[in-house]
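Trainee: Provided below are the primary sequence and the corresponding predicted coordinates.
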Amino acid sequence: MKTIIRLLAGSFIILLSLIIFTSCARNSQSSGKYNSFHPGEIWLDNNGVAINAHGGGILYENGIYYWFGEHKIAGKAGNVAQVGVHCYSSRDLYNWQDEGIALAVVEDDSTHEIAKGCILERPKVIYNAKTGKYVMWFHLELKGSVYKSARCGIAVSDKVTGPYTYIHSIRPNREAWPVNVLDIHKKPYNTDANAAFTGGSLPGHPDTLNILGRDFAAGQMSRDMTLFVDDDGTAYHICASEENSTLHTSALTDDYLATAGKFSRVFVNRFMEAPAICKYNNKYYFIGSGCTGWLPNAARSAVADSIMGGWQELGNPCVGPDSALTFHSQSTFILPVAGKEGAFIFMADRWNPENAIDGRYVWLPLEFKDGRIIVQWRDEWDLSVFDK
Ligand code: GAL
């Protein structure tokens, strides 16, 4: 009898420990204690709140990753900037601590360039070793301009997490010709064709229309964008220009606060958006998308020996089910994993324009295979995939 009681008591204790253990594991998950990535699922920060950093980019410094992205609010209203740029920090890439709003929109002056209600997208931050400043660039559409301004906003801070001070906005490369300018660009632009043109798609080839020439005096258009710092410290701004028909790659000035006037037109008439760049084994790799607004399309990839051009397109890097829609997402950044040679994470947004705050993040490992880059879907994964 005593043995049976002892056995029953033993089983009860084991059962109780199991219940306690599972509930602790669940709690730690909800407070953000992750040890793997779950692409497309809600991702909680250290306060148990869903991470709010869309169209983002990451800066790595002294063992810490800083994730900057668009802070969205609920509903359709969240598609315009109501709050600003949110920053999070992490040591392991799985668990993110809320660092607050790094750059706030201006609430008390509706004429300010970053007034609440402007469009502020795809913020990226880089560190300038010469000036000791953190420099943020983003796609800015002035309030009410509905994607007509196509400008770059620039802000700086002495501290990585901010607060960032807004400097101004620019149209890049004003009165500068690209390194690969054509004769046609220097001729007067085609006013007849441009008169009929309202944006979004083009009634002809961007060179026949001469959109580059049209914008020479005012500065070139800049919508979806990213920044990339090369090994020699030169920073580049890569953006969708010429009514989204063509990307421009521009070297920045030494202080990273302006374009230096040296730029090239790439992927002419390919209508690429959402540019992201990485460098591996002395080659530059590019991932972008087609132009379908918030709706996903097939990603594009390319490789080049120079960041200024000579891109060879490599097709859709995504493979497997849903690859034709980039797993229902759109590229935003390629993150080099610190201390792991050849380890890069493809970062993308699964937009939700009806309820902007509920846009999700799709992070997947990038693989280099036979001269191509490959992205495969995984329901769950961790950084050990890079050790194989
Ligand atoms: C996407 C772009 C987003 C946002 C959206 C608006 O193509 O990548 O950043 O601008 O269009 O429709």
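Mentor: Everything's here; your move. It should be emphasised that the depicted structure is a prediction, and the values quoted were computed from it without experimental measurement.
Trainee: got the residues of this protein near the ligand?
Mentor: 55, 121-122, 224, 273-274, 291, 293-294, 330 (C-beta under 6 Å from any ligand atom). Using the backbone N, CA and C atoms, a C-beta is placed for each residue, glycine as well.
Trainee: out of the residues you listed, which are buried?
Mentor: Among these, the ones that count as buried by 16 or more other C-beta atoms under 10 Å are 55, 121-122, 224, 273-274, 291, 330.
Trainee: Show me the two of those residues that sit farthest apart.
Mentor: Gly55 and Cys291 (15.2 Å; C-beta to C-beta).
Trainee: For the residue nearest to Asp305 when sequence neighbours are not counted, give me its contacts.
Mentor: Spatial nearest neighbour of Asp305, excluding adjacent residues (C-beta to C-beta, 6 or more residues apart in numbering): Lys283 at 6.4 Å. Applying C-beta atoms under 8 Å, 6 or more residues apart in numbering to Lys283 gives the contacts 303-305.
Trainee: what does Cys291 give?
Mentor: Shown in contact with Cys291 (C-beta under 8 Å, 6+ apart): 240, 244, 271-273, 297.
Trainee: Which two among those are spaced furthest apart?
Mentor: Ala240 and Asn297, at 13.9 Å, using C-beta to C-beta across the contacts of Cys291.
Trainee: These two - which one has more neighbours?
Mentor: Neighbour count, other C-beta atoms under 10 Å: between Ala240 and Asn297, Ala240 has more, with 26 against 17.
Trainee: quick one: strands adjacent to the one helix or strand that one maps to?
Mentor: In the assignment (DSSP states H and E), Ala240 maps to strand 235-241. Strand pairing for strand 235-241, using DSSP bridges, gives strand 225-229 (antiparallel), strand 246-252 (antiparallel).
Trainee: quick one, which of these is nearest to His205?
Mentor: strand 246-252 (10.1 Å).
Trainee: Let me see the ranges of the helices in the stretch 151-300 of the chain.
Mentor: The residue ranges that make up the helices of the stretch 151-300 of the chain, judged by DSSP state H, counting those that start in this stretch, are 183-186, 191-195, 206-209, 211-214.
Trainee: just for the stretch 1-150 of the chain, where's the confidence low?
Mentor: By pLDDT under 70, the low-scoring segments of the stretch 1-150 of the chain are 1-32.
Trainee: How far off centre is stretch 160-167?
Mentor: Its chain's C-alpha centre and that of stretch 160-167 lie 18 Å apart, by C-alpha atoms, centre = their mean, to the nearest Å.
Trainee: got CSV for the residues of the chain next to the ligand, with distance to Gly371 too?
Mentor: Formatted as CSV, the residues of the chain next to the ligand follow (distance: C-beta to C-beta, whole Å):
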residue, distance to Gly371
Gly55, 29
Glu121, 32
Arg122, 28
Asp224, 26
Glu273, 24
Ala274, 23
Cys291, 27
Gly293, 32
Trp294, 32
Gln330, 24
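Trainee: Let me know the closest of those to Val375.
Mentor: Proximity of these to Val375 (C-beta to C-beta) peaks at Gln330, which lies at 12.6 Å.
Trainee: Let me see the contact set for that closest one.
Mentor: 273-274, 289, 296-297, 299, 348-349, 351.
Trainee: Among those, which ones are in strands?
Mentor: In strands, defined here by DSSP state E, the members of the contacts of Gln330 are 273-274, 289, 348-349.
Trainee: For the ligand, what's its nearest residue on the protein.
Mentor: Going by C-beta to the nearest ligand atom, the ligand is nearest to Gly293 of the chain, at 3.6 Å.
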